[in-house]
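A.B. asks: Mind looking at a prediction? Sequence and model below.
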2 protein chains.
Amino acid sequence: MDKPYYAVIFTSTRKDGNHDYMAMAQFMEKLAKEQPGYLGIESARETIGITVSYWESLEAIAAWKQNAEHLVAQKRGIREWYKDYTVRICLVEREYSWSD
Amino acid sequence: MDKPYYAVIFTSTRKDGNHDYMAMAQFMEKLAKEQPGYLGIESARETIGITVSYWESLEAIAAWKQNAEHLVAQKRGIREWYKDYTVRICLVEREYSWSD
């Protein structure tokens, strides 16, 4: 990815019970991909969940946070899905990759 | 955590076969916690693995990368465990949490 860009690290612990969580998570991922300034998303969950999304600018991150359907998901997240979460907005300063 | 601090996002895809991967991953996590400037670590693996470690400074990250036992693990990682990986070194600019 071209620098500078931003990473949003979302770490969370889930409550018991599904309540459409998977469907909403998939919908949010699809919706994120359609936003201006979106660069990518990566996700894994074991004891905790970690989702990292990548964005061109702080403005793109702020706009996605305020997206109407995303706001609905955020409210349901607090009410139904998460025990706790942390969001970290980070400037990617350096990046290197290795591939077999 | 007190700002400014840094996040290292390590995303990877594993090869088939274990070859002591879990034991080494646990050892590296224990060793990371003993390094100067270490602030925390979070990890999850499904299709991909995401490990985020948090550090006080770029110097602390550079020292951990060059740690002798960590260098051995990095070499084995390339030879035995990973199909590919990406490391991103990020400045955490903003952070907020919610808890039930």
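C.D. replies: Cool, got the structure. Numbers count the residues shown, from 1 in each chain, chains lettered A, B, ... in the order given.
A.B. asks: residue contacts, A:Val8?
C.D. replies: By Cβ atoms under 8 Å, 6 or more residues apart in numbering or on different chains, the residues touching A:Val8 are A:Val52, A:Ser53, A:Tyr54, A:Trp55, A:Ile61, A:Val87, A:Arg88, A:Ile89, A:Cys90. The way it works is simple: take the backbone N, C-alpha and C, and place the C-beta from them, glycine included.
A.B. asks: Quick check: chain neighbours aside, which residue is closest to it?
C.D. replies: Spatial nearest neighbour of A:Val8, excluding adjacent residues (Cβ to Cβ, 6 or more residues apart in numbering or on different chains): A:Ser53 at 4.9 Å.
A.B. asks: So which bits of the helix or strand harbouring the one you found are buried?
C.D. replies: Using DSSP states H and E, the element containing A:Ser53 is strand A:49-55. For strand A:49-55, the neighbour count (16 or more other Cβ atoms under 10 Å in any protein chain shown) marks A:Gly49, A:Ile50, A:Thr51, A:Val52, A:Ser53, A:Tyr54, A:Trp55 as buried.
A.B. asks: out of these, who's nearest chain B?
C.D. replies: A:Ile50 (4.5 Å; Cβ to the nearest Cβ).
A.B. asks: what bridges to the closest one?
C.D. replies: Beta-bridge partners of A:Ile50, counted by DSSP bridges, are A:Thr11, A:Ala44.
A.B. asks: now do A:Ser99
C.D. replies: B:Asp84.
A.B. asks: closest to A:Leu39 among the contacts of A:Val8?
C.D. replies: A:Tyr54 (3.9 Å; Cβ to Cβ).
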